[in-house]
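Visitor: I'd like to go over a predicted model; first the sequence, then the structure.
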Amino acid sequence: MGSQRPTSQRPLIRERLADERGRIDKDAPYRIALTYPSPYHVGMSSLGYQQIYRTIQDHAGTAAERVFLEDGGDRAGADLAEVPVSYESLRPLGDFPIVAVSVAYEIELAGLVKMLDKGAIPLFADDRSERDPFVLCGGPLTFSNPIPLGPFADAVILGEAEEIIMPAIEIIRGASSRADACAQLAEHPNIWVPSVHGERLATIAACSNELLPAHSTIITPHTELRDMFLVESERGCSRSCQYCVMRRSTNGGMRIVPKDRLFEIIPDDAKRVGLVGAAVSDHPKITDIVNELADRGVHVGLSSLRPDRLREPFVAALRRAGYKTLTTALDGTSERMRGLIERRGKEKHFLAAAERARKYKFERLKLYLMMGLPGETDEDVDECVEFVTGLSKIVPIALGIAPFCAKRNTPLDKQPFAGVDLVTKRLERLRKGLKGRADVRGTSAKWAWVEYVLAQGGMTEGRALAEAVRSGGRYADYRKAFAKLGQYPNAKDQPKPVRKLDLLA
């Protein structure tokens with residue numbers, strides 16, 4: 001604690017603060033570090049992070065100071081150059097009584113390790129003393145598998161934290177000791193305390209519908225979604241896709257925000273509006289909402305477009321609202337694969353989407369695709385090549401491909417990873433088949449395997465991640481650390497059984 005404040009971050013922080021609109025500047029006696037383990041441009045695009053920021057700022061006596069991973073700190077092999085500091089006061093991370101962390105997905109755990117280490121905060125919760133900050137975690141990761149987060153967290157809020165964050169902070173603030181705070185928090189039905197519960201998780205929280213929708217507090221040009229006002233049009237999903245954490249059984253399914261309520265929230269002077277949710281295009285009034293915003297001259301972005309919802313009036317509305325690329329999910333490489341994961345998108349829907357994209361002069365149709373689903377074969381990939389080739393004769397096609405990673409709390413939980421080599425081979429087969437016909441871009445199969453190990457793992461995998469990050473954070477470091485746990489990226493990498501003759505030799 002009491003670390004010397006770095007100076008080189010100040011110009012960048014000052015520039016970003018000057019460009020922010022809507023920030024709640026507040027003087028309060030108790031200040032916490034609201035931390036995001038990715039850079040500013042990612043963290044400030046997170047609607048959940050902004051929602052918790054506003055919740056804390058609205059509470060008397062408590063204020064949030066935002067802390068982000070430094071720019072470039074999320075690159076594999078990158079070390080942090082400086083101690084993490086808050087944007088509001090340049091106060092070092094280790095000087096706050098509470099470090100409240102929002103974690104979106106598994107790989108962000110590496111950013112948390114880097115921030116705690118650089119901030120001179122003991123990385124593992126069981127090594128912290130009364131002088132160290134209390135590390136309170138939450139975020140989207142908690143809907144699936146937060147257990148690898150366990151070694152680093154004193155406590156974890158599971159699910160929707162709007163109604164829990166302030167009572168949790170008040171418990172920590174008023175507790176006589178760290179152990180006392182953990183004991184009290186462990187009694188809450190939606191808070192997981194690893195030191196008390198082990199790997200037995202609490203229940204995922206769902207906030208009151210009266211608190212919906214979440215929406216932007218701070219607007220900034222320095223984000224992935226430049227100067228865009230974000231608002232939930234719905235929360236959850238009514239569909240049953242087998243791979244998805246936010247399927248209809250999660251937190252009561254789909255909760256729709258009425259159209260009139262959305263327009264009460266959206267500022268009259270907003271020029272760019274992002275409608276956020278797991279199933280935005282399933283909102284019963286989505287075409288009317290987009291058209292009304294287009295009538296105002298607003299550029300509209302949607303976080304999810306379902307292929308069976310891309311009917312002509314909706315597609316026309318999207319074009320009026322500034323869309324240039326029509327984007328939806330192809331999901332599986334074949335009709336058989338899409339049936340396996342219970343996706344409603346059929347070939348007829350994608351063909352219709354391509355025709356409408358051409359009719360309304362979209363630049364391209366972009367399709368997201370998962371590769372390596374259980375039971376997938378080369379024949380499924382070849383079917384994808386043939387189908388996408390047909391689509392490319394209608395409108396330019398871009399494919400964004402991600403390897404399948406089984407997640408906890410889904411029907412496909414515990415399904416094996418297809419293997420780095422196999423996924424890479426199939427991606428090359430697809431790319432070769434579509435050469436000159438579609439723009440094919442895939443995410444790394446190697447890092448997808450790292451994500452898979454963490455998504456299926458426990459606290460042991462969390463400690464292995466820490467070892468990998470401290471060793472350099474490159475893929476080879478993860479592979480080495482996970483091999484000690486018997487985790488390998490390909491079936492052929494498994495060590496061969498030792499024979500008795502080998503032992504005698």
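Guide: Here it is on my side, so go on.

Visitor: what sits against the most centrally placed residue in the chain?
Guide: Against the mean C-alpha coordinate of the chain, by CA atoms, centre = their mean, the closest residue is residue 104 at 3.7 Å. Neighbouring residues of residue 104 by CB atoms under 8 Å, 6 or more residues apart in numbering: 38, 46, 139, 140, 141. C-beta coordinates here come from the backbone N, C-alpha and C atoms, glycine included.

Visitor: Distance of it relative to residue 25?
Guide: Distance of residue 104 to residue 25, given as CB to CB, to the nearest Å: 26 Å.

Visitor: Around the closest residue to residue 354 other than its chain neighbours, count how many other residues there are.
Guide: Among residues not flanking residue 354 along the chain, residue 394 sits closest, at 4.1 Å (CB to CB, 6 or more residues apart in numbering). Residue 394 is flanked by 17 other residues according to other CB atoms under 10 Å.

Visitor: list the contacts for residue 394?
Guide: Contacts of residue 394 (CB under 8 Å, 6+ apart): 351, 354, 355, 357, 358.

Visitor: Name the nearest of these relative to residue 99.
Guide: Checking the contacts of residue 394 against residue 99 with CB to CB, the nearest one is residue 357 at 45.8 Å.

Visitor: Let's verify the closest one: helix, strand, or coil?
Guide: Classification of residue 357 using DSSP: H, G, I helix; E, B strand; the rest coil returns helix.

Visitor: so it makes contact with residue 351?
Guide: No - in this structure, residue 357 is not within contact of residue 351 by CB atoms under 8 Å, at 10.7 Å.

Visitor: Looking at these two, which is more packed in?
Guide: A direct count of neighbours by other CB under 10 Å for residue 357 and residue 351 places residue 357 higher, at 28 against 15.

Visitor: Roughly how far does that one sit from residue 436?
Guide: Separation of residue 357 from residue 436 (CB to CB): 20 Å.

Visitor: Please apply the same query to residue 413.
Guide: 39 Å.

Visitor: How about residue 123?
Guide: 49 Å.

Visitor: Show me which of these two is the more surrounded one.
Guide: residue 123 (20 against 6).

Visitor: low-confidence ranges in the stretch 201-350 of the chain?
Guide: Where the stretch 201-350 of the chain drops to pLDDT under 70, the residues are 248-251.

Visitor: For it, which segments are assigned as strands?
Guide: Using DSSP state E, counting those that start in this stretch, the strands of the stretch 201-350 of the chain run over 229-232, 234-235, 255-256, 272-276, 299-302, 325-331.

Visitor: related to what we said a few turns ago, before we go further, the residue nearest to residue 354 is sitting in a strand, right?
Guide: No - read with three-state DSSP, residue 394 is coil and lies in no strand.

Visitor: And it, how close does it get to residue 359?
Guide: 10 Å.

Visitor: thinking again about what came up before, could I get the strands of the stretch 201-350 of the chain as JSON lines with distance to residue 159 and mean neighbour count?
Guide: JSON lines is the format used below for the strands of the stretch 201-350 of the chain (distance: least, CB to CB, whole Å; neighbours: other CB atoms under 10 Å):
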{"stretch": "strand 229-232", "distance to residue 159": "15", "mean neighbour count": "23"}
{"stretch": "strand 234-235", "distance to residue 159": "11", "mean neighbour count": "26"}
{"stretch": "strand 255-256", "distance to residue 159": "13", "mean neighbour count": "20"}
{"stretch": "strand 272-276", "distance to residue 159": "17", "mean neighbour count": "23"}
{"stretch": "strand 299-302", "distance to residue 159": "24", "mean neighbour count": "19"}
{"stretch": "strand 325-331", "distance to residue 159": "25", "mean neighbour count": "21"}
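
Visitor: Any chance of those in CSV with distance to residue 472 as columns?
Guide: Formatted as CSV, these follow (distance: least, CB to CB, whole Å):
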stretch, distance to residue 472
strand 229-232, 35
strand 234-235, 39
strand 255-256, 43
strand 272-276, 35
strand 299-302, 37
strand 325-331, 35
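
Visitor: Compare those strands and give me the one nearest residue 167.
Guide: With CB to CB as the yardstick, what comes closest out of the strands of the stretch 201-350 of the chain is strand 234-235 (21.1 Å).

Visitor: Partner strands of that closest one, with direction?
Guide: Its sheet considered, strand 234-235 pairs with strand 255-256 (antiparallel) by DSSP bridges.

Visitor: Now tell me what touches the strand it pairs with from outside.
Guide: Contacts of strand 255-256 (CB under 8 Å, 6+ apart): 209, 212, 233, 234, 235, 236, 283, 284.

Visitor: Could you do stretch 46-65 as well?
Guide: Stretch 46-65 has contacts (CB under 8 Å, 6+ apart) with 24, 26-34, 36, 43-44, 66, 86-89, 91, 96, 100, 102, 104, 138-140, 161-162, 165-166, 169, 214-218, 230, 232, 276.

Visitor: Select only the buried ones of those in PyMOL?
Guide: Applying 16 or more other CB atoms under 10 Å to those, the buried members can be selected in PyMOL as follows:
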select buried, resi 26+31+32+33+34+36+43+44+66+86+87+88+91+96+100+102+104+138+139+140+161+162+165+166+169+214+215+216+217+218+230+232+276
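
Visitor: Quick one: low-confidence residue ranges for this structure.
Guide: In the chain, residues with pLDDT under 70: 1-7, 248-251, 497-505.

Visitor: Kindly recompute the last result at 80.
Guide: Where the chain drops to pLDDT under 80, the residues are 1-8, 246-253, 494-505.

Visitor: Kindly report the domain assignment for it.
Guide: 10-197, 210-493 (automatic domain parsing).

Visitor: Out of the ones you listed, flag the one nearest residue 203.
Guide: Closest of the domains of the chain to residue 203 is domain 10-197, at 5.2 Å (criterion: CB to CB).

Visitor: Now do the closest one: distance from first to last residue.
Guide: Domain 10-197 stretches 41 Å from its first residue to its last (CA to CA, to the nearest Å).

Visitor: where's it relative to the chain centroid, distance-wise?
Guide: Remark: domain 10-197 is offset 16 Å from the chain centroid, using CA atoms, centre = their mean, to the nearest Å.

Visitor: Stretch 225-240 too?
Guide: 13 Å.

Visitor: What residues of stretch 98-118 count as buried?
Guide: Buried residues in stretch 98-118 (16+ other CB under 10 Å): 98-104, 106-118.

Visitor: rewinding a little: reformat the domains of the chain as CSV; add distance to residue 203.
Guide: Listed next are these as CSV, based on distance: least, CB to CB, whole Å:
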stretch, distance to residue 203
domain 10-197, 5
domain 210-493, 10
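
Visitor: between the ones you listed, which gets nearest to residue 204?
Guide: It's domain 10-197; of those, that one is closest to residue 204 (CB to CB) at 3.7 Å.
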